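Colleague: Please work out how this folds:
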Amino acid sequence: MRTILKNFIAALAAIVLLSGANSYALSNALSNAPASDTLSAPTLMALNALVPAGQQIGTISGVERMEVAESMHFHIKSKYLFYITQPIDHKHPEKGTFRQRVFVGFAGYERPTVLITEGYTANYGANPRYNEEVARITNGNFVLVEHRYFAKSVPFMQDNPSISWSKLNWDYMTAEQEAADLHNIRVALGNLFKGKWVATGISKGGQNCMAYTMFYPNDIDVSVPYVGPVARAVEDGRHEPFLRDSTGTAQDREIIYNFQIEVLKRRATMEKMLKEFSDKKNITYNIKIPEVLDFCVLEFPFAFWQWGRKTSTIPAVSSSDEEIFNYFVEAVGPDYFQSWDDNAPFFVQAAKELGYYGYDTKPFKKLLKIKSAKDYLRKIFLPGGKKFKFDKSLYKNLTDFIATTDNKMMFIYGEWDPWSAVRPNNPGHSNIKYYVAPGGSHRARILNLPHDMGAEAIATLKEWLEIKE
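Modeller: Residues are numbered from 1 along each chain as shown. Below is the predicted model:
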């Protein structure tokens with residue numbers, strides 16, 4: 001039986017035109033790999049032989065073997081970190097390059113490969129115990145791609161650390177540019193992994209998964225976006241009535257409202273405790289503490305339902321200040337409103353094209369210090385209070401694509417997750433599957449769906465990917 005690596009070398013010879021030196025370097029590196037079923041650093045570096053001479057784009061560097069927990073070895077045999085050089089602007093590569101962080105978990109050259117369309121940082125990829133759900137279900141490889149402008153993958157700053165976030169050029173923080181990043185990685189690693197390819201991402205990564213599938217429908221055999229929103233404006237307008245009318249029961253919503261009112265009634269004490277809490281945690285804000293308290297109160301039901309809490313855990317309104325405050329900050333997380341953190345570049349893209357949600361202040365108007373919650377995203381989250389013009393085209397294009405595509409796509413949502421308020425409509429086509437976890441939250445996944453629903457989803461995935469075992 002021919003080995004996988006021999007098949008791989010033959011395939012390369014058929015589809016890639018290389019100089020004699022590059023062809024020799026590639027073949028030599030692959031033949032020196034430890035075994036035909038093992039991914040090695042030399043194997044990854046050998047892909048550089050496919051990059052045209054004198055070109056940086058697509059070059060792999062900084063390959064580092066990562067630890068894999070013993071409990072993961074049933075699935076992931078080895079894991080590597082590397083960086084791939086990408087154009088800052090794929091339409092104009094002459095504008096410069098940056099290095100994008102990628103983690104690869106190896107299961108086998110002929111196994112399906114799951115391309116994780118992360119919407120934020122990929123820091124968690126270094127965790128020895130990290131695995132990915134679709135990769136686990138399919139016993140496949142995973143390729144975790146850090147989104148541009150996050151953590152180790154920030155254009156411009158890599159070469160000039162003196163650039164501040166407020167001075168950073170954000171022109172290339174778009175879904176189209178990120179989709180092109182993913183495409184380049186898919187092409188490069190497609191030379192190694194010849195099985196079916198799956199795109200998947202969670203939340204913003206779920207929307208990123210949709211966008212990648214839209215821009216490069218031929219790259220992927222199956223797409224699995226989890227809890228991905230498709231918003232139509234910076235303050236979309238659909239989340240507020242969803243929270244008011246569609247989450248939990250009427251009794252649940254009344255309990256939450258009464259708790260919010262109680263926090264505001266105890267404003268003086270809550271503000272003092274919030275100030276002490278923030279100082280202790282070294283949390284800084286772009287707004288004052290009374291405003292932070294107001295926004296935390298407005299955020300409370302969103303955070304509550306997003307993460308699947310139960311109203312039975314909410315303290316009674318007769319509880320002590322400490323009980324009220326401790327539950328409140330645990331549920332909301334005031335650090336969400338901090339001036340900047342590793343996930344903050346998301347808000348720039350939300351302001352540019354992804355959209356976000358607003359707050360209904362009317363039920364609390366007499367108890368709030370803020371006059372309005374309008375434009376809060378710019379005021380609280382954007383670096384230097386920058387202003388961006390919102391582009392609706394991504395919303396329109398994604399909506400149209402999902403309604404008409406022939407691509408196989410599986411959508412996972414939680415019934416009471418506020419982001420479900422802006423999920424795309426299910427067109428009802430056989431190539432589109434929607435699974436909504438009853439009473440579910442933003443934590444909805446295939447493996448925590450109700451048994452019959454989850455079993456159907458898994459069977460569908462394996463059928464689509466032609467997995468026989």
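
Colleague: pretty sure residue 247 is touching residue 306, no?
Modeller: No. Residue 247 is beyond contact range of residue 306, at 9.8 Å (criterion: CB atoms under 8 Å). For glycine as for every other residue, the C-beta is placed from the backbone atoms N, C-alpha and C.

Colleague: burial measure for residue 372, as a count.
Modeller: Neighbourhood size, residue 372 [other CB atoms under 10 Å]: 10.

Colleague: what do you get for the one 5 residues further on?
Modeller: Using other CB under 10 Å, the number of residues around residue 377 comes to 20.

Colleague: do residue 187 as well
Modeller: So residue 187, with other CB under 10 Å, has 13 neighbours.

Colleague: so how far is the host helix or strand of it off the chain centroid?
Modeller: Using DSSP states H and E, residue 187 falls within helix 175-190. Distance, stretch centre to chain centre, for helix 175-190: 15 Å (CA atoms, centre = their mean, to the nearest Å).

Colleague: Give the buried residues for it.
Modeller: 175-186, 188-189 (16 or more other CB atoms under 10 Å).

Colleague: Quick check: mean pLDDT of that helix?
Modeller: When pLDDT is averaged over helix 175-190, the result is 98.

Colleague: List of residues touching that helix?
Modeller: With contacts defined as CB atoms under 8 Å, 6 or more residues apart in numbering, helix 175-190 is touched by 47, 50, 57-58, 60, 84, 86-87, 89-90, 100, 102, 104, 113, 115, 117, 143, 145, 147-148, 197, 199, 207-208, 211-212, 214-216, 219-220, 349, 353-354, 394.

Colleague: mind listing which of these are in helices?
Modeller: Among the contacts of helix 175-190, DSSP state H puts 207, 208, 211, 212, 214, 215, 349, 394 in helices.

Colleague: what's the burial count for the first one?
Modeller: Read it as residue 207. Using other CB under 10 Å, residue 207 has 29 neighbouring residues.

Colleague: what residues are up against it?
Modeller: 119, 175, 201, 225, 228, 229, 230, 354, 398.

Colleague: List the contacts of the host helix or strand of the last one.
Modeller: What it means is residue 398. Assigned by DSSP H and E, residue 398 falls within helix 393-404. Helix 393-404 is touched from outside by 175, 207, 210-211, 213-214, 230-232, 353-355, 409, 424-425, 427, 432, with contacts defined as CB under 8 Å, 6+ apart.

Colleague: Could you tell me the angle between the helix holding residue 187 and helix 393-404?
Modeller: Inter-element angle recorded for helix 175-190 and helix 393-404: 60 degrees (by axes from the mean of the first three to the mean of the last three CA atoms, to 10 degrees).

Colleague: related to what we said a few turns ago, got a winner among the contacts of residue 207 for most neighbours?
Modeller: That'd be residue 225 among the contacts of residue 207, by other CB under 10 Å, with 30 neighbours.

Colleague: now that one, which residues is it bridged with?
Modeller: Beta bridges link residue 225 to residue 201, judged by DSSP bridges.

Colleague: Isn't it up against residue 209?
Modeller: Yes. Applying CB under 8 Å, one finds residue 225 in contact with residue 209, separated by 4.2 Å.

Colleague: Which neighbours do these two have in common?
Modeller: 200, 201.

Colleague: Would you mind extracting the C-alpha trace of the helix holding residue 398 into CSV?
Modeller: The C-alpha trace of helix 393-404 is given here as CSV (Å, rounded to 0.1, in the frame of the first residue of the first chain):
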residue,chain,number,x,y,z
SER,A,393,-23.3,45.3,2.5
LEU,A,394,-22.0,42.4,4.6
TYR,A,395,-25.4,42.0,6.2
LYS,A,396,-27.2,42.1,2.9
ASN,A,397,-24.7,39.9,1.1
LEU,A,398,-24.7,37.2,3.9
THR,A,399,-28.5,37.2,4.0
ASP,A,400,-28.8,36.7,0.3
PHE,A,401,-26.0,34.1,0.2
ILE,A,402,-27.6,31.9,2.9
ALA,A,403,-31.0,32.1,1.2
THR,A,404,-29.6,30.9,-2.1
